[in-house]
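3D, please:
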Amino acid sequence: KLKVEKMPDVILIKKNYGDKHKRHSRRNWQLKKLESGKDDNMDTASIDRDYTDFLEDIEEDAEMRQKVNIYHDPKRDAAAGTAPGVLELSEDVPQIKLAEMLADLNIETPDASAADSAASATAEANAAATAAAVVTVEALQQRLVELDAEHARLNVAFAEQKTALELQVQQGVASEVDAAAQFAALTQQAESQLQLLQLHHQETVMAIQQLQGQP
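Residues are numbered from 1 along each chain as shown. Coordinates of the predicted model:
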C-alpha cells in the first residue's frame with residue numbers, strides 16, 4: 001500500500017480499449033516506413049510493441065492523424081467489416097474513417113523495354129513542349145510590338161486632342177473652364193489606358209522570361 005506522503009500530485013491514466021489483437025484485426029489501413037537493415041542485437045519484440053502503440057495513438061488522436069499519411073489497405077476491408085467470424089469491438093473503440101485515408105500506390109520496377117519506351121515518350125514530350133514554348137515566345141514578342149504601337153498611338157491621339165482643345169479656346173469656341181474640364185477628363189482617360197498597356201507589357205515580358213528560363 002502506497003503511503004500518503006509518497007503519493008504523486010498527478011496520476012496520468014490512459015484509457016484501454018481492449019484486446020490489441022482485436023484492434024489489429026480490424027485495421028484496414030497501414031503506414032509507409034523505410035526498411036532498415038537487420039541487427040541481431042535489436043530487440044524486435046520491443047520495437048513491435050512500440051510500433052503497435054504508435055498505431056493505436058494514431059487511431060485515438062485525430063489531431064495526430066493530420067500529420068501522418070495513412071494509406072488504405074483494400075485487402076483488409078473484409079476484416080474491418082462485420083462479416084461472420086470478425087472479432088467484435090466495443091462501439092467506443094476509435095477507428096479511422098475511409099475519408100481520412102490515402103489511396104495506396106504500388107509502383108513496380110519496369111523492365112528495360114518499358115523504361116526505354118518511357119524515356120522515348122518523355123523525350124518526345126519535352127521536344128513538343130520546347131517547340132510550343134518557342135511558338136509561344138514568338139507570339140508574345142509580337143504582342144509586345146503591338147502594345148508598343150498602341151502606346152505610341154495613344155500618345156499621338158492625346159497630343160492631337162490637347163491641341164484641338166487649345167485651338168477651341170483661342171477661337172472662342174470653348175471657354176477656358178470648359179476646356180480645362182475636358183482636358184482633365186482626357187488626361188485621366190489617357191493615363192488609365194496607358195497604365196493598362198504598361199501592365200499588359202510587364203505581364204508579357206514576365207511570361208517570355210519564364211518560358212526562356214530567365215529569373
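
use CA for all of it now, contacts and neighbours both
OK.

what is the longest helix along the chain packed up against?
Criterion DSSP state H: the longest helix present in the chain is helix 112-170. Counting contacts by 3 or more C-alpha pairs under 8 Å, 6 or more residues apart in numbering; DSSP states H and E, helix 112-170 packs against helix 176-211.

what residues of the helix it packs on count as buried?
179, 183, 190, 194, 197, 201, 204-205, 207-208 (16 or more other C-alpha atoms under 10 Å).

for that helix, packing partners?
Using 3+ C-alpha pairs under 8 Å, 6+ apart: helix 176-211 touches helix 112-170.

now find how far off-centre the helix it packs on is within its chain.
In this view, helix 112-170 has its centroid 29 Å away from the chain centroid, taken as C-alpha atoms, centre = their mean, to the nearest Å.

and that helix with helix 176-211, angle?
Interaxial angle, helix 112-170 versus helix 176-211 (axes from the mean of the first three to the mean of the last three C-alpha atoms, to 10 degrees): 170 degrees.

what is the least confident helix or strand in this protein?
One helix or strand of the chain scores below all others by mean pLDDT, DSSP states H and E: helix 77-80, with a mean of 65.

hmm, back to that, mean confidence for the longest helix of the chain?
Summarised as a single mean, pLDDT over helix 112-170 is 79.

ditto for stretch 47-67
Confidence for stretch 47-67, expressed as mean pLDDT, is 84.

surely residue 194 and residue 152 touch.
No - the criterion here is C-alpha atoms under 8 Å, and residue 194 misses it with residue 152 at 9.7 Å.

distance of the residue lying closest to residue 144 once chain neighbours are set aside relative to residue 67?
Nearest non-adjacent residue to residue 144, counting by C-alpha to C-alpha, 6 or more residues apart in numbering: residue 201, 6.3 Å away. Look at residue 201 and residue 67: by C-alpha to C-alpha, to the nearest Å, they are 44 Å apart.

try residue 177
69 Å.

also residue 178?
68 Å.
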